[in-house]
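Trainee: Okay, predicted coordinates and the sequence, questions at the end:
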Amino acid sequence: MLKNITLTVLCAFGLNASINAQVIYDDDTLYAAGYVASTPNGYAELVAETKIRNTGSLPDTIVWYRNVNALPTANWTSAVCDIVTCYSPTTNTAEFIIDPGAVRILSFHFYPKSDKGIGQMVIRFAKKSSQSKYTDIYINAQGYGLNINTLKKADFSLFPNPSRGSVVINSASTNFGDYRIVNLLGETILSGSFENGNPIDISSLKIGVYCVNIIDGNGISSSKLIIE
């Protein structure tokens, strides 16, 4: 079994940050990246994690649904681990009880074998008694081979943010590079090249929350962008 290689870059959108005042999640948008296997049937695993917290005084029953499972090839599979167990790749819903005061890990797993690519899951969590209030957790995964740029924590700023019309990227590690603006479904909406201090026209973007990825010689980093 190959050693797991996991790198998580958080681009926390902060939408539906909690089911209610009692059950909260540390992050609702996650990135996991790692190397794929060297042989077609080899083992590789990409993992992202967040924590669920019950800050109330009563236990809560939480039900989850995997609403999106977008994988780049047929060799990829994915699975969810809640606080009870790790489920099979074919399990798309389950439930668990979280006790008052408890802090538990939720983990999300991709198994790419030897196929490079980008996959995504969207998992919806809700109280069983009130499923109209929910939290969607977005998990994006990248499987890559040797000498491919890796994901890293954001080392750039966006101004203004919230924004409309245009935005300026200022990177601490480079004066120029490429950018991608991605929506909550993981779709690239806008891309191009940037130079520090020069405005980028974003007037075509609809109101909402996006993830901005910049790509330079040091890798790929991500940050949140709000369009008003």
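Mentor: Done, it's in.
Trainee: Alpha carbons of the lengthiest strand in the chain, as PDB, please.
Mentor: Scanning the chain for the longest strand, with DSSP state E as the assignment, gives strand 130-144. The C-alpha trace of strand 130-144 is given here as PDB (Å, rounded to 0.1, in the frame of the first residue of the first chain):
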ATOM      1  CA  SER A 130     -35.300  19.600  10.100                       C
ATOM      2  CA  GLN A 131     -33.800  18.800   6.700                       C
ATOM      3  CA  SER A 132     -34.800  22.100   5.100                       C
ATOM      4  CA  LYS A 133     -31.800  23.600   7.000                       C
ATOM      5  CA  TYR A 134     -28.600  22.100   5.700                       C
ATOM      6  CA  THR A 135     -24.900  22.500   5.100                       C
ATOM      7  CA  ASP A 136     -23.400  21.500   1.700                       C
ATOM      8  CA  ILE A 137     -19.700  20.500   1.900                       C
ATOM      9  CA  TYR A 138     -17.700  20.800  -1.300                       C
ATOM     10  CA  ILE A 139     -14.700  18.500  -1.700                       C
ATOM     11  CA  ASN A 140     -12.400  19.000  -4.700                       C
ATOM     12  CA  ALA A 141      -9.600  16.500  -5.300                       C
ATOM     13  CA  GLN A 142      -6.600  16.500  -7.700                       C
ATOM     14  CA  GLY A 143      -4.600  13.400  -8.500                       C
ATOM     15  CA  TYR A 144      -1.300  14.100 -10.200                       C
END
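Trainee: which residues does the residue nearest to the spatial centre of the chain bridge with?
Mentor: The residue lying closest to the centre of the chain (C-alpha atoms, centre = their mean) is Leu30, at 2.6 Å. Beta-bridge partners for Leu30, by DSSP bridges, are Ile139.
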